[in-house]
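Asks: Below are the sequence and a predicted model; questions follow.
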Amino acid sequence: MDDKKLRKKYKFFQWFTVLLFCILIMRLVTLQLLETSIYRTKAEQNQFRLLPIHAPRGDITDCNGKVLAANKIVNTVSLIRQQTGTEAMEQTIENLAMLLNEFYPEIDTNYIKQILDEHKERSYEPVVIKRDIPIEVVTCLEERRQDLKGVIIDKEMVRFYPENFMASHVIGHIGEISEDELKNDEYYKQGDLIGRFGLEAQYEKSLRGKNGFRQVEVDVNGRPISNENLKRVEPEQGNKLVLTLDNDLQKTLEESMDKSLEQLKKSAGAAVVIDVKTGAILAMTSRPSFDPNKLVPPVSTKAVQEYINPGEGKKSVMQNRVISSKYPPGSTFKPVTGLAGLESGKVKASDVFNCKGVWSETNTRCTKAHGRVDFLRGMAASCNIYFIEAGRRAGIDIIYKYIQELGLDQKTGVDLPGEVSGSSSNPEKKEAAQLPILEKWYQDKQEEIEKKYDQLLKEATSEQEKNDLLFRKKDEQRVLKNEYQIKYNYDVKWRPHDTYILSFGQGANEFTPMGLANYTAAIANGGKLMRPYLVQRIESPDGKVISEFKPHVINQVDASAENLAMVREGMKKVAEIGGTAYGVFNDFPIKVAAKTGTAESGWGKDIYHGVFIAFAPADNPEIAFAGIIEEGYHGSTSAGPIAKAVFETYFGLDQEVGNGEVTESTPVTPSRPSTTPQPTTTTPADPTSPPPANGNTGGTENNRDTGDNGSDGNNGNNGDGGDSGNSGNSHQGDNGNPANEVPPSD
Ligand SMILES: [Zn+2]
């Protein structure tokens, strides 16, 4: 029995041992044969790392190949933050901070720790502490190598803007990818640089290229070990953007903008020049400006202060005022009213209105009593009374139709992010905007009365007192209802006064300088509203054309050729003797058509923006200009000279002016034929550009729009009335009092 038991036990152990061996052998087999590759990979990951090599972004050039954005090789100091928190890491940070601090006062241990904190995710990748360090800093760091464990000094290609401030709002800048962007696009890795503004953002996908990578071997401390047999895949450069922008014209535009701002002691403005036949943008500038090189990350505190948070009372910098700010047009709106009047059939160009200096119905003033004024003289002298009468006859519906026909209350569709629509008003819009405000007011007032009388009734001691209170309450409610009705008639319902002030450029209109330029171009080219654009083609790094952008007609303006010609003729008179821009162009050898504006800013009493639109040559238009100087007062003396400078450069007159050889009677052949193709009505293929993101938008601070008035200088003319108009009262179209409008002194 015992023996049997023992044998059984022995057999059990025998089988158990066999089973155990089988399991061990199987495990060994899987480890050896099947999982080897997995474990080998893991071991390699510990030792080898793949680091991205950022692709050089595509170049951006002007229409003649002048490079506006490129790349340069810079020395970069980075830190692998793997052992943060350890004593060695703390020591490294301290040592690095001390060394860099000598060259960059803002870099201290906190600065470095903050950057490391912002890049927690991929702890094994080097985090850039400072880009573009000069050779003496490199030498200094190399000499202290042994104190800088985990510090890498490397070369990399980085974005570079050789012209610094030039066209910065157009070109844009780059920035580091955000957490949100990382989640939305697998292309990017933490620390990647991405287009942040302007064309850099708009054409990110074309410009970014394809990142490469390199394998690095590191020791246990995460420091790279030299090894020749490591993998490396080279990056591919992004595609090149060839712009419609002309660097010479851009330079003139910027210099003359700065000159005007300096003379007027102002800091903000915007101007744009477009080819009227194609919509191609030849130059565009916004002030204040920035140097995109200073926004290549990591961005210095100084640059943040200067550009991102300029502080209260300072003008915002990171705002392209050409497309992202809206301004009241002032008298530059009068050609729209003029066209609407003619198109309505209720105004003939030969009709003569009598300007006695005031529109008696609403006590709206003109700059002076212009006397008998027809269409051309009305335009030349910017007579408010003429345009009030023209607007009255046409009616708001027709005026509003032409605001829309000319694209003024829409986005132009320019290939830049952050464009805002212009805004305007008509009876429906006014009611939609104002009725909810009035209703809210009425409801609040009603509740106030209820509350007041509830309390009083509670405190009342006699029946008589209660009855008196109820009577008074009813009376107050009746008065309130009357007040509501008055406000309704005034603030909500469209009044003739609203049409009058809108007609000469005040009221609810607010347009972007881009919209103004585009409408001017449409008047100039005979009624084709084009989509403005900045990129004429995209090329691969080896010069192959990938896509080409053709001119695109957004709208054929519903107006007769005769009426458009009449408006052009009127604008031509503006730059002639008796016109408000005669002072600007009296010595100019090419006929220019223009309109001046002094637009009430809504920012305070007597604060007017100087607005100016123009095209040239007046009889065979090639280019159009729109410009504004914030708080610049008269358009003719603020933005007008900028237009003149630009036209001089465009027509190659820079050297000729003043030498007496070119006179008004000498036709000058434009020296700069349009470089862009002729328009077609087909939609351009636009495969690569992302839709305009509505990024940084925002109109200018608080400007409600009002007025205009144009009086701009009649300097130098023969006194035949050139100045004009203004009127300005401040009244905002939608609720304003028909106050007396006192013209700004001229
Ligand atoms: Zn007048």
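Replies: Done, it's in.

Asks: Output stretch 94-114 in CSV with nothing but the alpha carbons.
Replies: The C-alpha trace of stretch 94-114 is given here as CSV (Å, rounded to 0.1, in the frame of the first residue of the first chain):
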residue,chain,number,x,y,z
GLU,A,94,22.1,76.8,-13.5
ASN,A,95,25.4,76.6,-15.4
LEU,A,96,23.7,77.2,-18.7
ALA,A,97,21.7,80.1,-17.4
MET,A,98,24.8,81.7,-16.0
LEU,A,99,26.7,81.4,-19.3
LEU,A,100,23.8,82.6,-21.5
ASN,A,101,22.9,85.4,-19.2
GLU,A,102,26.1,87.3,-20.0
PHE,A,103,24.8,87.6,-23.6
TYR,A,104,21.1,87.5,-23.1
PRO,A,105,20.1,89.3,-19.9
GLU,A,106,16.6,87.8,-19.9
ILE,A,107,17.8,84.2,-19.8
ASP,A,108,18.0,83.0,-16.2
THR,A,109,17.2,79.7,-14.5
ASN,A,110,13.5,80.5,-14.3
TYR,A,111,13.4,81.3,-18.0
ILE,A,112,15.0,77.9,-18.9
LYS,A,113,12.7,76.0,-16.5
GLN,A,114,9.7,77.7,-17.9
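
Asks: who in the chain is up against the ion?
Replies: Proximity of the chain to the ion is confined to C355, C366, H370, C383, I385 under the rule C-beta under 5 Å from the ion. C-beta coordinates here come from the backbone N, C-alpha and C atoms, glycine included.

Asks: residues contacting the last one?
Replies: Same thing as I385. I385 makes contact with F353, N354, C355, K356, G357, V358, W359, T364, C366, H370, V373, according to C-beta atoms under 8 Å, 6 or more residues apart in numbering.

Asks: before we move on, the earlier item: compare the residues of the chain next to the ion and tell me which has the most neighbours.
Replies: With neighbours defined as other C-beta atoms under 10 Å, the most crowded of those is C383; it has 31 neighbours.

Asks: got the contact list for A460?
Replies: Here A460 is in contact with K466, L469 (criterion: C-beta under 8 Å, 6+ apart).

Asks: now do K302
Replies: Applying C-beta under 8 Å, 6+ apart, the residues near K302 are E106.

Asks: Could you rerun that using 7 Å?
Replies: Listed by C-beta atoms under 7 Å, 6 or more residues apart in numbering, the contact set of K302 is empty.

Asks: now, among the contacts of I385, which is nearest to F612?
Replies: Taking C-beta to C-beta as the measure, F612 lies nearest C366 of these, at 20.1 Å.

Asks: Which strands or helices does the lengthiest helix in the chain pack on?
Replies: When the chain is parsed with DSSP state H, its longest helix is helix 427-459. Applying 3 or more C-beta pairs under 7 Å, 6 or more residues apart in numbering; DSSP states H and E, one finds that helix 427-459 contacts helix 463-487.

Asks: Check which element follows the helix it packs on along the chain.
Replies: Counting by DSSP states H and E, the next helix or strand C-terminal to helix 463-487 is helix 496-503.

Asks: secondary structure class for the nearest residue to D108 once chain neighbours are set aside?
Replies: Closest residue to D108 apart from its sequence neighbours, by C-beta to C-beta, 6 or more residues apart in numbering: A97 at 5.1 Å. Secondary structure, DSSP: H, G, I helix; E, B strand; the rest coil: A97 is helix.

Asks: Spit out the contact partners of A97.
Replies: Counting by C-beta under 7 Å, 6+ apart, A97 has contacts I107, D108, T109, I112.

Asks: for A618, same thing?
Replies: Per C-beta under 7 Å, 6+ apart, neighbours of A618: R568, K572, K591, V592, A593.

Asks: quick check, nearest of the residues you listed to T332?
Replies: A593 (12.2 Å).

Asks: what sits against that closest one?
Replies: If you count contacts by C-beta under 7 Å, 6+ apart, A593 has them with R568, M571, K572, V574, A575, A614, F615, A618.

Asks: if you set the cut-off to 10 Å instead, what comes out?
Replies: Contact analysis of A593 by C-beta atoms under 10 Å, 6 or more residues apart in numbering lists 335, 379, 520, 523-524, 567-576, 579, 581, 585, 613-619, 621, 624.

Asks: now swap in S638 and tell me
Replies: For S638, the contact set (C-beta under 10 Å, 6+ apart) comprises 260-261, 263-264, 266, 269, 596, 598, 608-612, 627-632, 712.

Asks: let's see it at 6 Å
Replies: Going by C-beta atoms under 6 Å, 6 or more residues apart in numbering, S638 touches S260, L264, G610, I629, G632.
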